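Enquirer: Give me the fold of what follows.
(chains A and B)
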Amino acid sequence: MAVDFAQGYASSWRVERIDPRTWGPCGRLGGVETIEIDRDGTDDAPLLETASLTVSGAAMDAFEPGWFRITMEAVQGGSSEAVPIATVWLESESGRYDKGYREDTLRGLSVLHQAAADDAVLPDGSFVPKGADGASWCADLLAGHIDAPITAQGGFEMPRSYVFDLGSNVLEAVWQLLRAYGWCMQADGRGEVSILPLPTEPVIALDRTGAATMLPEVSYSDGTRSYTREYAPNVHPFSIVRGMMPERGLDGLYRVRTQKLTCTHGVTVQEEVAPL
Amino acid sequence: MSISMDAANALERVIDGKIAKAAPKRTAAEGVVTRVDADGTAYVRLDGSDVDTPAARTAAKVKPGQRVSGTVRDGELVIDGNYSAPATDDTTANAAIASAKKAAKSAKSAQDAADEAQKVADATNQHFWHDGNGVHVTEAEGDATTEHNILMNSLGILLRKALYNLVSITASAVAFFDGSGNTAEHITAQFGGDGTKLYADGALRHKTDVDGSHYYAGDGATKVLSVGAGKRYGRDSALLTFLGETMLNTDDAGMTIETYASGSWSNRTTIDLLAYGTNFNSAVTVDSAGRIILAVDRLSDNTGPGITIDGTGLQTDFHGRAIFGDEARFNDKVTMVSYLDFSSMPNASTSTDFFATGIQAFENGGRLRYKGLADMKSWLGITGIDSLVKVVSATSSEISISAGGNHTYAPTLTIPSGYTLVGALGAKFTANNANLSSGALYKYSDNQIAVNVVNHGSSARSVAVTTYGLCVRTAFVG
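Expert: Next up is the predicted model:
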C-alpha cells in the first residue's frame, strides 16, 4: 500500500551514487547531514534544479564528483515507499575542520547542466527547420549532451524555421524554442527529463483537507504567492496547483515557479506560484 | 563522467540554480548569402559558422555571394543590409524607376522591367582602378573580390562574379563560365580556333568545326551524331554520321549507307534516288567486298524493274542468283525449301508465260528438282500437248524430253487424235543412236527416216525409208 503523503509518515534518507551508463545506483554516500533542493522554472534558471548538501565525517575522504540520487524512504503504518526526490551532479564546494571534525558542503547541479557547458555552444545561425518536430528536435539535441534519459511527451510541428539567439548553448536554445511554442521541461526525482506542453490541469489541490499539511503563512509579491507545504509527489516547476483557500489568498489555478525542498523529517516544500 | 575545463568554467556561472549571463547576447551578425530559393528565402552563412541560416525577411535585395548584415531576434534572422549592393539614393532610385517604366514597354513582364531597372540603378556605383593584376571595374572601390567586376590586362579580359569568371576573352578562345568556378568543368561555351563548343555539367555536348556539327553523349567523348559536308567518291556530299559507325552519305548521285571499319568507311547500301548512268532509282545492298547482294533496280537485261538476290554477290546465274523481274508473278504463296514447290500455285496450268521463262531459269542451274516427266507434268498441270510445245530451251527450238538417259523408262510422246506432229522428227541422235528402243522412229539423215525394230547394241535392226526406197539395216548402220 502506497504512502499517503497527506498523512503523517516517518522518513529516512539515502544518497546513492548513480552509474551514468545505467542511470541506476552503484554506491552510497554516507555522512549526509542536510539536504536542500532548489527547483526553479523561471526564465533565467534553465538548469531547473540545484542542490546543497552537508556531509560530515570521513565520508568525504574518498569522495569523487559524480551523479547522485537523493531518495526518501517513507514509512507509514506497515507500508514503506522509496521516493526519489532529486538526481544531481555532486561536487565539493567547501569544507572545514573543527576540532578534528570534518564537515563539507556539496553543490548539486541538475542533469541539464551539461547542456550549458561552453563546449555546448551552438554555431551562430543554428536553427530548427520549418516542418520539423520541435519537441523531438529538442530531445535529440539534449540527448547528445547530457547523461540523463530524456523523453518528449508528444510533439509539435514547426510552423516556420526558428533561429536561435546568437551565442546560445544547447540548453538555452532548447528553452528558447520550448518557451516560444508553449512547452517546457521537467526533471523528476530520478533525474529523467521530460519535454512536454505546459501543463493545464492541476496535480494537487490546496484545500482545507490538505490545510493540515500547510503552514498558515502565505505571502504576496507582484502577484505571486509564497507558502510552505508538506511534500506531495509529481509537483514540479510548471505544474498547476489549484488553490481552494480564498481566506488565505489562494483561490484558483496557479503555476509553480520555484520550489525549495528541505529534507529533514519528511520534506518541507517552500513554493512560489503565479496565478494563470 | 568528468567535466571538462570549459564545462567547469561554465559552472562558475551557476549561482543559486541560475546561470549568470556571461555576456550580453548578440543580435547583429554578418555573413554571405549562399543561396536564394524560388520562394525568395535567402540563406546566409554567418561569419564563423558552418550553418546556412534561412532569413525570415530581407530588407535589401540579395543574391548568392553577396555580403550582408542581419539581426537575429525572436527566432528570426532578418537581413537588413547588403554590403555588396548597397541601397541607392533617391536620385538613382528615381532614375531606376524611370528606366523601369521605359523598360516595361519592351519587357515581357513587369518583373522583367523591375529587374532591369534594378540593374541600371546598381550600375551607377562603379569604380575604375588598376593594380598589379590589371585594370578593374568594380562596384566596391578597390575590391575586385565581390560582386560582378571586370579585369583587363594584356593577357585578356575577364568578366567575373567575385573571383569567378563569367566570360573570359583570351588569345586562344572566348569562354563562358557558369560563375561557380574557374576550372574547365565550369565552362559552358567556348569559341576558339578549333570550333565552337557547348558544355553541360562539365562535359562537351556539342561542337561545331570545319567538319560539321557534332553532338556528344553525356561522357563528353562519344560522338553520337555528326552532320557535315564532305567529299565522297569525288562528289560533294552531305554526311550524317551516327555514333561514328554508320554514315549516311547523300550526294547528287543518290545515297549510300556506309560503315566504319579498319580506319575507313565502306559502302554497304546504295540508294540512287536520282538517275545517273545506267541506274535508275535503284537501291542496292553490297557486301564487305562491295559486291551487290541485293538490288532493286532495272534488270541487267533492261527488261524493267526487278529484284535481284545473290548471296554470293558474283552476279552470275550459277551462283544462287534469283531474279524477280516483271515476269515473276508470285501471288500469295511461294514455298521454298530446297526446291520450288509449285503445287499450290494458283492457275498454274494456264500460267504459260511463267513456265516458258521459269524452266529456262532453273534448268541451267539444275535447281529444279523433279522425278520424271510424269511428275513434272503433274506439278505443272500440263494436260494438253499445246502446253508442252511451249516448253522450249533458251538456245534451241528443239523439244527435249529426257528420263535421265535410261531408255528403259523413256517417255512416250502421244499425239492426240486430230493433231499433227510437225517437225518433231528433226531430232538428231548421234553416238547413242544404238541405244534406241525397239520401235523408235528417228531421223537417220536428211533424206532418211528410220524405225528401230531390234534392241540396241550390235544386234540392232532398223527399217528406214530413204530416197532409195525402203531399207532394212543391221547393227552399226550409218
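Enquirer: who in the stretch 151-276 of chain A is up against chain B?
Expert: Applying CB under 8 Å from any CB of the partner chain, we find that the stretch 151-276 of chain A lies next to chain B at A:160-169, A:176-177, A:180. Every C-beta, even on glycine, is put in place using the N, C-alpha and C of the backbone.
Enquirer: who wins for neighbours among the residues you listed?
Expert: With neighbours defined as other CB atoms under 10 Å in any protein chain shown, the most crowded of those is A:V163; it has 28 neighbours.
Enquirer: List the contacts of it.
Expert: By CB atoms under 8 Å, 6 or more residues apart in numbering or on different chains, the residues touching A:V163 are A:125-127, B:53-54, B:56, B:72, B:75-77.
Enquirer: Among those, name the ones in strands.
Expert: A:127, B:53-54, B:72, B:76-77 (DSSP state E).
Enquirer: just those residues now: which is nearest A:L90?
Expert: Distance to A:L90 across those (CB to CB) is lowest for A:F127, with 35.6 Å.
Enquirer: and residue 249, what pLDDT?
Expert: Reading this off chain A. For A:G249, the pLDDT comes out at 83.
Enquirer: actually chain B
Expert: 85.
Enquirer: Tell me which two in the contacts of A:V163 are the farthest apart.
Expert: The widest separation within these (CB to CB) is 14.9 Å, between A:S126 and B:A56.
Enquirer: For chain A, what's its nearest residue on the stretch 51-200 of chain B.
Expert: Closest to chain A within the stretch 51-200 of chain B is B:T53: 3.4 Å, counting by CB to the nearest CB.
Enquirer: Now do the strands in the stretch 51-200 of chain A.
Expert: A:66-76, A:79-98, A:101-109, A:127-128, A:150-152, A:162-163, A:183-187, A:193-197 (DSSP state E, counting those that start in this stretch).
Enquirer: Reformat the ones you listed into TSV and put mean pLDDT and distance to A:R225 next to each item.
Expert: Putting the strands of the stretch 51-200 of chain A into TSV (pLDDT from 0 to 100; distance: least, CB to CB, whole Å) gives the following:
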stretch	mean pLDDT	distance to A:R225
strand A:66-76	94	26
strand A:79-98	90	23
strand A:101-109	90	27
strand A:127-128	96	35
strand A:150-152	96	31
strand A:162-163	96	33
strand A:183-187	95	20
strand A:193-197	96	24
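Enquirer: Among those strands, single out whichever gets nearest to B:Q126.
Expert: strand A:162-163 (35.1 Å).
Enquirer: related to what we said a few turns ago, pick the most buried one from the strands of the stretch 51-200 of chain A.
Expert: Comparing these on average neighbours per residue, with mean count of other CB atoms under 10 Å in any protein chain shown, the densest one is strand A:162-163 at a mean of 26.
Enquirer: Which strands border that strand, and is each parallel or antiparallel?
Expert: Take DSSP bridges as the rule and strand A:162-163 pairs in its sheet with strand A:127-128 (antiparallel).
Enquirer: what's in contact with the partner strand?
Expert: Strand A:127-128 is contacted by residues A:134, A:137, A:158, A:161-164, A:177, B:51, B:53-54, B:77 when judged by CB under 8 Å, 6+ apart.
Enquirer: Please apply the same query to stretch A:97-108.
Expert: A:33, A:37, A:49-58, A:60, A:63, A:68, A:86, A:88-96.
Enquirer: picking up where we left off before, just the residues of the stretch 151-276 of chain A next to chain B now: which is nearest B:G31?
Expert: Of these, the one sitting nearest to B:G31 (CB to CB) turns out to be A:L166, at 11.2 Å.
Enquirer: Just give the nearest non-adjacent residue to that closest one, would you?
Expert: B:R26 (4.2 Å; CB to CB, 6 or more residues apart in numbering or on different chains).
Enquirer: before we move on, the earlier item: would you mind putting the contacts of strand A:127-128 into a markdown table with distance to B:G202 alongside?
Expert: Converted to a markdown table, the contacts of strand A:127-128 look like this (distance: CB to CB, whole Å):
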| residue | distance to B:G202 |
| --- | --- |
| A:G134 | 41 |
| A:W137 | 38 |
| A:M158 | 38 |
| A:S161 | 33 |
| A:Y162 | 38 |
| A:V163 | 35 |
| A:F164 | 38 |
| A:L177 | 42 |
| B:V51 | 29 |
| B:T53 | 30 |
| B:P54 | 29 |
| B:L77 | 34 |
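Enquirer: Could you list everything A:V267 pairs with in the sheet?
Expert: Assessed by DSSP bridges, A:V267 has beta-bridge partners A:C263.
Enquirer: One more: the one 5 residues further on?
Expert: On the basis of DSSP bridges, A:E272 takes part in beta bridges with A:S226, A:T258.
Enquirer: What of B:T466?
Expert: Beta-bridge pairing for B:T466 (DSSP bridges): B:Q448, B:G469.
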